[in-house]
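Trainee: My questions concern the predicted model and sequence given below.
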Amino acid sequence: MNKTKFGSLLLLLQGILLILFVVFVDYGDDFKPNIKNENRKDFNQKLPAFQDLHIMVFLGFGLIMTFLKRYSRGMLVHAFLIGGLVIQWATLLQGFFSMRQSKVELTLDRMINADYAVLVVLVSLGALIGKVNSLQLLIIALIETIFFAINESLCKQLLQISDFGQSMTVHLFGAIFGIAISRMIFDKRVCTSQALSTSNKSEMYSMIGTLFLWIYFPSLNSAFVEEDSAHRRAIANTYYALAASCITSFSLTVLQSPDHRYNILHLQNATITGGIAIGSVAALMVRPWGAIILGVLASLISILTYKYILPKLRRRFNIHDVRGVYATHGMPGIVSGLAAVVCAFLANEEHYGTSLYQLYPARVPSSNTTKYQDLIKIHPEIPASQGRSAYIQGAYQFGGLLVTVILALIGGLISGASIRVKFFEPLTAHDAFDDHADFQESTCIDVYTDDDFEDDGERHHDSIRGNKRLYDLNHRHPSDDVISGDGIPQMTSYNSGRQTPSSVRHSYHSLSAKSSDGVIKGSRELPVDDNENVKGGKVNLGSNGDMRPAQNGGIEMTPLIVVADNSDVDDDGTAATS
C-alpha cells in the first residue's frame with residue numbers, strides 16, 4: 001500500500017474534522033462555567049462510567065484482537081487509530097442527527113456515545129482482522145459511523161426502543177456490518193493463508209483483553225441508565241450474567257473438545273457473551289436467576305455457533321469471520337434483542353411503579369390524559385408521549401431489531417463494495433494477516449570491531465548505542481562479512497582478553513561459530529517469535545571469549561567481529577550480563 005497516500009488522506013481527514021468542529025461544535029452545559037449544581041452532580045456520577053468505557057474500548061477490544069501471531073501489533077495500533085478518528089466523526093454525526101440549535105453541544109453523554117461508536121467499528125473489524133489495509137480501515141470507519149448514527153437515530157428517536165446496554169445497536173449492528181463486508185471481500189486464498197495462525201504469546205495478550213472486557217462490562221451496560229434503582233440493576237444483572245457465561249464457557253469448551261482440553265478461542269470470546277445477552281434488558285426486572293439464564297444461554301449459543309455455524313457460513317456463503325464476531329456479538333445480540341421484546345410485553349406498573357415511564361419513555365401517557373396529570377405530580381420532569389401499551393412497545397422493540405439487522409447489512413455491503421476499488425489497494429493473499437509492511441523494525445544488528453574497543457578492553461560508549469548498523473532485520477540485507485555462504489550468521493569472538501557480551505541475540509533461527517578455515521564448528525538453535533525470528537534466544541560466550549555451541553566444550557575462534565543487539569547493552573554502555 002502507498003503509505004504516502006494513506007498519510008495524506010489521514011491528514012486531510014483531520015483537517016476537515018477540525019474545520020467542522022470550528023463551525024459546528026461548542027461546549028454544552030457540562031463544560032460551561034458556572035454550571036448548575038445538579039448538572040455538575042450528574043457529570044460526576046457519569047464520569048466513572050466514561051472512564052471505564054474508555055479503558056474497555058481501547059484496552060479491552062484492542063487487546064482481544066491481537067490473537068493472530070503476525071498481526072498483533074497491527075490490530076492494536078489500528079484500533080487506536082480508528083478510535084481517534086471515530087470519536088471526532090461520531091461526535092459530529094450524532095450531534096447533527098439531534099441538533100436543536102445551530103451548534104452541536106458537547107456533553108459527557110455525547111462523549112460516551114462517541115466511545116460506543118468506536119466500539120461498534122471495532123466489533124466489525126473483528127471479522128476483517130488482517131484482510132484489510134490501513135486505507136481501507138479508514139473508509140470502513142467513516143461509512144460505518146454514518147450508518148451507526150442513522151440506525152441509532154431511528155431506533156432511539158423514531159421507534160423509541162429501549163436498548164440499555166446497546167446490545168442491538170452496537171454489538172449486533174457491528175457483527176452484521178462486519179460479516180457483510182467480509183462477504184464482499186471474500187477470497188479463498190486469503191482464508192487458507194498459512195499466516196492465519198496464532199501463538200501462545202498472541203493468545204495470552206488476547207486473553208488479557210477478554211479480562212478487561214469482562215471486568216468493565218457492567219459500566220458499559222449501565223452508562224446510559226438514568227433512574228437510580230435501574231442503574232444498580234444494570235450493574236447487578238450484568239455481573240451475574242457474566243459469571244454464568246464464564247462458567248458455562250469453561251465447561252462447554254472442555255466437553256466438546258475431542259481431547260477434553262480448553263479451546264482458548266472459546267475462552268477469549270464466549271466468556272463475555274453474558275454481558276452482551278443481558279445488555280438490552282440490563283436495567284429491567286429480569287431477576288438474578290434470569291440474568292444467569294441469559295448468561296448460560298449466550299455462552300451455549302456462542303460456542304455452538306463457533307463449532308457449527310461459522311464453518312457453514314464460510315463454505316456455503318463465502319463469509320470468513322476471522323475473530324468470530326457473529327458468534328461473540330451477533331448471536332448474543334439477537335438473544336438480547338428478543339429478550340427485550342419479551343420484557344417489553346411483560347412490563348407494567350405493578351412491577352416497576354412509575355419508574356416504568358423512565359425505562360420506556362414512549363409509554364408515558366399523552367398530555368391530555370388524567371393519567372399523565374397524576375404522573376407529573378410525582379415526576380414533573382417526564383414529558384408527555386404516545387401512551388403505548390406493553391404489546392405495542394414490544395412490537396416496536398422487535399421492529400428495532402429488524403431495522404438494526406437490515407441497516408447493518410446494507411451498510412456493510414456498501415462498505416465492502418467501496419473498499420474493493422483499486423484505489424484502496426486491497427491486500428493480496430500473500431500480504432494478508434501480516435503487519436510486517438506497516439511497521440519499521442526497531443531492532444537492528446550492531447557490529448563491533450577492534451576500533452570499538454579501548455586499550456583496556458572496554459567498548460567506546462558511542463559504539464554501544466548502535467552507530468554501526470549492519471542491516472535492518474525487516475529488509476534482510478546482510479553484509480557478506482557476517483553471513484556465511486549458507487546464509488547463517490557467523491558468530492566469531494575475541495579471545496585476546498578483550499571483553500565480549502555475555503549474551504548475543506539474533507533474528508535468525510540459529511547462530512553458528514565459524515573458524516578461520518570457514519568450517520562451521522558449532523551452532524545453537526534459538527526459539528523464534530511470531531514472525532519466525534528469534535525471540536529472546538541467547539548464545540552464551542565463554543569467559544575466554546569463545547561461543548558455547550550446542551555440543552559440550554568450547555571452541556577456539558578467530559578474532560573477527562561480534563554481532564550483538566542493543567538489548568545486550570546496559571544504560572551505562574557496558575555489556576549486559578545474563
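Mentor: Looks like it came in fine.

Trainee: C-alpha from now on. contacts and neighbour counts both.
Mentor: Will do.

Trainee: low-confidence ranges in the stretch 401-550 of the chain?
Mentor: 441-550 (pLDDT under 70).

Trainee: Over to the chain?
Mentor: By pLDDT under 70, the low-scoring segments of the chain are 1, 34-39, 41, 441-578.

Trainee: which one's the longest helix in it?
Mentor: Identified as the longest helix of the chain according to DSSP state H is helix 390-419.

Trainee: Just the buried residues of that one, please?
Mentor: 390, 393-398, 400-401, 403-416, 418-419 (16 or more other Cα atoms under 10 Å).

Trainee: can you give me how far it is from the chain middle?
Mentor: 23 Å (Cα atoms, centre = their mean, to the nearest Å).

Trainee: ok, for Y391, nearest residue in space, not its chain neighbours?
Mentor: The shortest distance from Y391 to any non-neighbouring residue, by Cα to Cα, 6 or more residues apart in numbering, is to F345 (5.1 Å).

Trainee: Could you tell me how many residues sit around Y360?
Mentor: Around Y360 there are 18 other residues, counting by other Cα atoms under 10 Å.

Trainee: which residues touch it?
Mentor: For Y360, the contacting residues are 160-162, by Cα atoms under 8 Å, 6 or more residues apart in numbering.

Trainee: Could you look up the SS state of S366?
Mentor: Following DSSP: H, G, I helix; E, B strand; the rest coil, S366 is assigned to coil.

Trainee: how close does it get to A127?
Mentor: 45 Å (Cα to Cα, to the nearest Å).

Trainee: In terms of neighbours, single out the busier of the two.
Mentor: A127 (27 against 17).

Trainee: Tell me how many other residues crowd the nearest residue to K103 once chain neighbours are set aside.
Mentor: Of all residues not flanking K103 in the chain, F24 sits nearest, at 4.9 Å (Cα to Cα, 6+ apart). Residue crowding around F24 was assessed by other Cα under 10 Å; the count is 16.

Trainee: Now the phi/psi pair for F24, please.
Mentor: According to degrees, to the nearest 10, the main-chain angles of F24 amount to phi -110, psi -20.

Trainee: Which residues are in contact with V23?
Mentor: Contacts of V23 (Cα under 8 Å, 6+ apart): K103.

Trainee: do that again at 6 Å, thanks
Mentor: Contacts for V23 (Cα atoms under 6 Å, 6 or more residues apart in numbering) come out as none.

Trainee: circling back to that earlier point, quick check: the residue nearest to Y391 touching R388?
Mentor: No. Taking Cα atoms under 6 Å as the definition, F345 is not a contact partner of R388, at 11.2 Å.

Trainee: Also compute the angle for the strand or helix carrying the residue nearest to Y391 relative to helix 390-419, please.
Mentor: F345 belongs to helix 331-346 when elements are defined using DSSP states H and E. On the basis of axes from the mean of the first three to the mean of the last three Cα atoms, to 10 degrees, helix 331-346 is oriented at 160 degrees to helix 390-419.

Trainee: what's the next secondary structure element after helix 331-346?
Mentor: Next along from helix 331-346, by DSSP H and E: helix 349-352.

Trainee: could you dump the next helix or strand after that next one to CSV, C-alpha only?
Mentor: The helix or strand immediately downstream of helix 349-352 is helix 356-359, counting by DSSP H and E. Below are the C-alpha coordinates for helix 356-359, written out as CSV (Å, rounded to 0.1, in the frame of the first residue of the first chain):
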residue,chain,number,x,y,z
LEU,A,356,-41.7,2.2,34.1
TYR,A,357,-42.1,5.5,32.2
GLN,A,358,-38.4,6.3,32.7
LEU,A,359,-37.5,2.9,31.3
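
Trainee: So what touches the helix or strand following helix 356-359?
Mentor: Proceeding N to C from helix 356-359, the next assigned helix or strand is helix 370-378, under DSSP H and E. When contacts are defined by Cα under 6 Å, 6+ apart, helix 370-378 is touched by residues P365.

Trainee: In the protein, what residue spans correspond to strands?
Mentor: 25-27, 104-106, 444-448, 469-472, 503-504, 510-514, 520-525, 539-540, 562-565 (DSSP state E).

Trainee: Just checking: what are the partner strands of the second one?
Mentor: With DSSP bridges as the test, strand 104-106 is paired with strand 25-27 (parallel).

Trainee: Go through the helix holding F345 and flag the buried ones.
Mentor: Along helix 331-346, these residues count as buried under the neighbour rule (16+ other Cα under 10 Å): 331-345.

Trainee: how near is the residue nearest to G95 when sequence neighbours are not counted to I143?
Mentor: Leaving out its chain neighbours, the residue that sits closest to G95 by Cα to Cα, 6+ apart is V104, at 5.1 Å. As for V104, its distance to I143 is 20 Å (criterion: Cα to Cα).

Trainee: More neighbours: which of those two?
Mentor: V104 (24 against 16).

Trainee: Give me the neighbour count for L252.
Mentor: Residues near L252, counting by other Cα under 10 Å: 19.

Trainee: Export stretch 126-140 to PDB, keeping only CA atoms.
Mentor: C-alpha atoms of stretch 126-140 as PDB (Å, rounded to 0.1, in the frame of the first residue of the first chain):
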ATOM      1  CA  GLY A 126     -13.000  -8.300  14.300                       C
ATOM      2  CA  ALA A 127     -14.400 -10.100  11.200                       C
ATOM      3  CA  LEU A 128     -11.800  -8.400   9.000                       C
ATOM      4  CA  ILE A 129      -8.600  -8.600  11.000                       C
ATOM      5  CA  GLY A 130      -5.600  -8.900   8.700                       C
ATOM      6  CA  LYS A 131      -7.700  -8.800   5.500                       C
ATOM      7  CA  VAL A 132      -7.900  -5.000   5.000                       C
ATOM      8  CA  ASN A 133      -5.200  -2.400   4.900                       C
ATOM      9  CA  SER A 134      -4.900   0.900   6.800                       C
ATOM     10  CA  LEU A 135      -6.500   2.900   4.000                       C
ATOM     11  CA  GLN A 136      -9.500   0.500   3.800                       C
ATOM     12  CA  LEU A 137      -9.900   0.700   7.600                       C
ATOM     13  CA  LEU A 138     -10.400   4.400   7.400                       C
ATOM     14  CA  ILE A 139     -13.100   4.100   4.700                       C
ATOM     15  CA  ILE A 140     -14.900   1.400   6.700                       C
END
